[in-house]
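Enquirer: Take a look and give me a structure for this.
(chains A and B)
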Amino acid sequence: MRLYPEDPRLSAYALGELDAEEAAAVESAAAADPSLQQVIDDSAAMQGLLEKRLAIRPVSMLPKQRENVLRASQGELRLERPAAFASFCEIMKPRLIPAAAVLVLSAATLILLQMPDDEAPPLAQKSPPTQAPVAAAEPPPPLKPTPPWSPHRGSVKVADFPTFQVPIQVGSGNLDLIRKSILDEEKLPAVKQVRLEEILNAFPLRLNGVTALAKRPAGNWHPDNRDSGITSHLATLSTEMIACPWKPSATLLLVSLRGNAQADCEAKLVFRPNPSTVLRYRLLGSTSDTGEPAASSSSRLAAKAATTLAIEIEPSGADLDFGALEWFINSAQAPSISLMRNDEAEPSNDARFAVLACTYAQWLAGEQVGFIDADIVAALAREVASGKLEADRVEFLSIIDKSLHL
Amino acid sequence: MPEIPENHSKVSGGSSVTLEVPSPELDDSSGSSSRERFIEQALHDYESPLIGYAFTLLNDIDSARDVVQDTFLRLCRQDPAKVQDQLKAWLFTVCRNRAFDVLRKEKRTEPLEEIHWQKVAGPGLQPDERLDLQERLAQLRSLLSHLTPNQREVIILKFQQGLTYQEIHQVTSLSTSNIGFLIHAGLRRLRDSLPDDLLS
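Expert: Prediction:
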């Protein structure tokens, strides 16, 4: 066989598209002509390059779309299949989940309406509150009302805390204590040991709301650096807002801060609620035994590190413009995020999972008693279990399942 | 009679896929039928690649998801036994046809050279990941932009989606010999304009 470098069979050979007979002929020709072998080698190298550079990250349809397909595959006469989470299947069919959630939320609403304006969670009543510094608030209020991260874990009024510097605790994710206590020792952990922020940050979360990037100043980066592994971006702030399951009138603001892949940076995050639309707010978790936010003085954001936190926002009316998140990387202000909730937006799977983690952690910690109970945790877990899950999340659901039966 | 995609009628052969032959009867203790398992397996194997492919055509992740949902809904109406042997090509063909339907409906009737394929590797990424990727891919993008629309489409189908020449023929209706020429010429053009360090 006489071949030329322009012959498409050379690249077809490199890509495995030829049958055995043609492949043998190409091999023979290439062995006799180095220029042909070079074309084959180049084609193989280009294949590797293109496959690597054009690779797609996994991306899914929306849960509702996937459900539509699966239901169509079952035919119109088939009922919905129960959730994959086995022990929850025994409790209730998925069709009943929304009804159960409505019942639970309605009960919570009734309780909420009967609570005094400045409710103090039972945990705070059991132990005397520790006087906590108010460095996070600006300006300092005259009467020093309870900051969001105090042992009271109650919400604060916007009038008292018009801004809030959010403690950034990178690397706090840890499920070991919960896992050991519930799976190994078969008992619920002591409430003082439960850290919501540890549970929430034990899982990588990708929020689907408004996101902002902090970039290097233009003079410190050049497009020629793009192939050197240095990128122009320093950190990412992602948000997502979702209905608060234990307090129907409230919104949960989920915030995720992530460093870039190359270098550490200093980060500062400030929540500035809109005083005309937000009545109160509360940072979930982030409390140490002493009442001070753990590692609140550190704002180091390590390369590739990420942290997620949740703020409960209680609006004063129907307006969903909840203010803004302002943030600073290496003392330079990054684009702030306007916190405008779209209540028709479909929550992401990760936001649902984050809400489950927050609810479960508060249930374990004995917080929000009267608002959060085993039923609401189970309902949220069933909702999460009905979707596609990674192995670590399946294990988490198993832990929750066991917790509810201890 | 199964719905045959427009380009599918020209298919005479094709590579096989490793899905079981399903039938609509209930056949396991969980109550799921082989049809359900067939669809679930198809979702598992092709949901993400199809969204990525539709995204290259539509440059809109929501539209891409809608098109892929419609593709799978159409699959649900097929007899699995009749599409399973060429499932991958069938799905990509339906997805491609549906994407072009959307483009026509939106009067975005530009040929492929107008498609914003630059974001081909980006759906589902976080903004910072997308930024990193865009920066790393900037040089490669500028090179791919010099390819002809047909070269670009077959190269995306081949190297991003992993389709064989035969499957690309089924999806695009281009002959396999033409596909061979397009890929060979496209690779050579890319190789000639690529810096040696990027290739290594």
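Enquirer: Domains in chain B, by residue range?
Expert: Using automatic domain parsing, the domain parsing of chain B gives B:8-105, B:127-194.
Enquirer: and the last one, what's its mean pLDDT?
Expert: What that stands for is domain B:127-194. Domain B:127-194 shows a mean pLDDT of 81.
Enquirer: So which of the domains of chain B is nearest residue A:238?
Expert: domain B:127-194 (7.8 Å; Cβ to Cβ). From N, CA and C alone the C-beta is placed, and that goes for glycine too.
Enquirer: Doesn't residue A:173 lie inside a strand?
Expert: No. Residue A:173 is assigned coil when assessed by DSSP: H, G, I helix; E, B strand; the rest coil, not a strand.
Enquirer: if we can go back for a sec, would you format the domains of chain B as a markdown table with mean neighbour count and distance to residue A:324 included?
Expert: Below are the domains of chain B laid out as a markdown table (neighbours: other Cβ atoms under 10 Å in any protein chain shown; distance: least, Cβ to Cβ, whole Å):
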| stretch | mean neighbour count | distance to residue A:324 |
| --- | --- | --- |
| domain B:8-105 | 19 | 26 |
| domain B:127-194 | 19 | 18 |
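Enquirer: Please enumerate the helices of the chain.
Expert: Defaulting to chain A. Secondary structure of chain A (DSSP state H): helices located at A:8-14, A:20-32, A:34-53, A:63-74, A:86-91, A:97-114, A:122-126, A:176-179, A:196-200, A:349-364, A:374-385, A:391-404.
Enquirer: actually it's chain B I care about, not the one you picked
Expert: Applying DSSP H to chain B gives helices spanning B:34-58, B:61-76, B:80-83, B:87-105, B:127-144, B:149-155, B:165-172, B:176-193, B:196-199.
Enquirer: closest one to residue A:69 among those helices?
Expert: Of all those, it is helix B:61-76 that lies closest to residue A:69, at 4.3 Å by Cβ to Cβ.
Enquirer: list the contacts for residue A:202?
Expert: A:173-175, A:357, A:392, A:396 (Cβ atoms under 8 Å, 6 or more residues apart in numbering or on different chains).
Enquirer: where's stretch A:32-41 relative to the chain centroid, distance-wise?
Expert: With Cα atoms, centre = their mean, to the nearest Å as the basis, stretch A:32-41 stands 51 Å off its chain's centre.
Enquirer: Would you mind measuring from residue A:355 to residue A:249?
Expert: Counting by Cβ to Cβ, to the nearest Å, the gap from residue A:355 to residue A:249 is 16 Å.
Enquirer: now residue B:53, nearest residue through space, not along the chain?
Expert: residue B:161 (5.7 Å; Cβ to Cβ, 6 or more residues apart in numbering or on different chains).
Enquirer: Do I have it right that the one you found meets residue B:51?
Expert: No. Counting by Cβ atoms under 8 Å, residue B:161 stays clear of residue B:51, with 11.3 Å between them.
Enquirer: show me what contacts the most centrally placed residue in chain A?
Expert: Central residue check for chain A by Cα atoms, centre = their mean: the C-alpha nearest the mean position is that of residue A:205, 3.0 Å away. Listed by Cβ under 8 Å, 6+ apart, the contact set of residue A:205 reads A:254, A:256, A:308, A:350-351, A:353-354.
Enquirer: Tell me how many other residues crowd residue A:344.
Expert: 5 (other Cβ atoms under 10 Å in any protein chain shown).
Enquirer: Most proximal residue of chain A with respect to chain B?
Expert: Closest contact between chain A and chain B, by Cβ to the nearest Cβ, is at residue A:59 (3.2 Å).
Enquirer: Can you name the residues that contact the residue nearest to residue B:53?
Expert: B:49, B:52-53, B:92.
Enquirer: Same question for residue A:181.
Expert: Shown in contact with residue A:181 (Cβ under 8 Å, 6+ apart): A:187-189, A:193.
Enquirer: Just the pLDDT for residue A:222.
Expert: As summarised for this prediction, residue A:222 has a pLDDT of 57.
Enquirer: no no, residue B:89
Expert: 92.
Enquirer: what do you get for residue A:158?
Expert: 87.
Enquirer: what's the answer for residue A:82, then?
Expert: Predicted confidence (pLDDT) for residue A:82: 33.
Enquirer: swap in residue B:200?
Expert: At residue B:200, pLDDT is 54.
Enquirer: can you check residue A:174 too?
Expert: Reported pLDDT for residue A:174: 79.
Enquirer: Provide a list of residues in contact with the nearest residue to it once chain neighbours are set aside.
Expert: Leaving out its chain neighbours, the residue that sits closest to residue A:174 by Cβ to Cβ, 6+ apart is residue A:198, at 4.4 Å. Residues counted as contacts of residue A:198 (Cβ under 8 Å, 6+ apart) are A:172-175, A:177.
Enquirer: quick one: low-confidence parts of the stretch 101-250 of chain A?
Expert: Confidence mapping of the stretch 101-250 of chain A against pLDDT under 70 gives the ranges A:101-154, A:170-172, A:217-232.
Enquirer: same thing but at 80, please
Expert: The model of the stretch 101-250 of chain A has pLDDT under 80 over residues A:101-155, A:168-174, A:192, A:215-234, A:248.
Enquirer: What segments of it are strands?
Expert: Using DSSP state E, counting those that start in this stretch, the strands of the stretch 101-250 of chain A run over A:156-157, A:164-166, A:211-215, A:233-243.
Enquirer: Pop the domain breakdown of chain A in here.
Expert: Taken from automatic domain parsing, chain A resolves into A:8-113, A:156-215+A:231-404.
Enquirer: just flag whichever of the ones you listed has the lowest average confidence.
Expert: Per-stretch mean pLDDT for the domains of chain A is lowest at domain A:8-113 (a mean of 72).
Enquirer: Residue A:197: neighbour count?
Expert: 26.
Enquirer: What of residue A:318?
Expert: Neighbour tally, residue A:318, other Cβ under 10 Å: 7.
Enquirer: now the one 10 residues further on
Expert: Other residues near residue A:328 come to 18 when the count uses other Cβ under 10 Å.
Enquirer: Spit out the contact partners of it.
Expert: A:267-270, A:334.
Enquirer: repeat that for 7 Å
Expert: A:268, A:334 (Cβ atoms under 7 Å, 6 or more residues apart in numbering or on different chains).
Enquirer: who does it bridge with?
Expert: Taking DSSP bridges as the rule, residue A:328 bridges to residue A:268, residue A:333.
Enquirer: How much space separates it from residue A:299?
Expert: Using Cβ to Cβ, residue A:328 is found at 9 Å from residue A:299.
Enquirer: shared neighbours of the two, anything?
Expert: Jointly contacting residue A:328 and residue A:299 under the rule Cβ under 7 Å, 6+ apart are residue A:268.
Enquirer: quick one on the thing from earlier: need the winner for burial among the domains of chain A.
Expert: Counting by mean count of other Cβ atoms under 10 Å in any protein chain shown, domain A:156-215+A:231-404 has the highest mean neighbour count of the domains of chain A, with a mean of 20.
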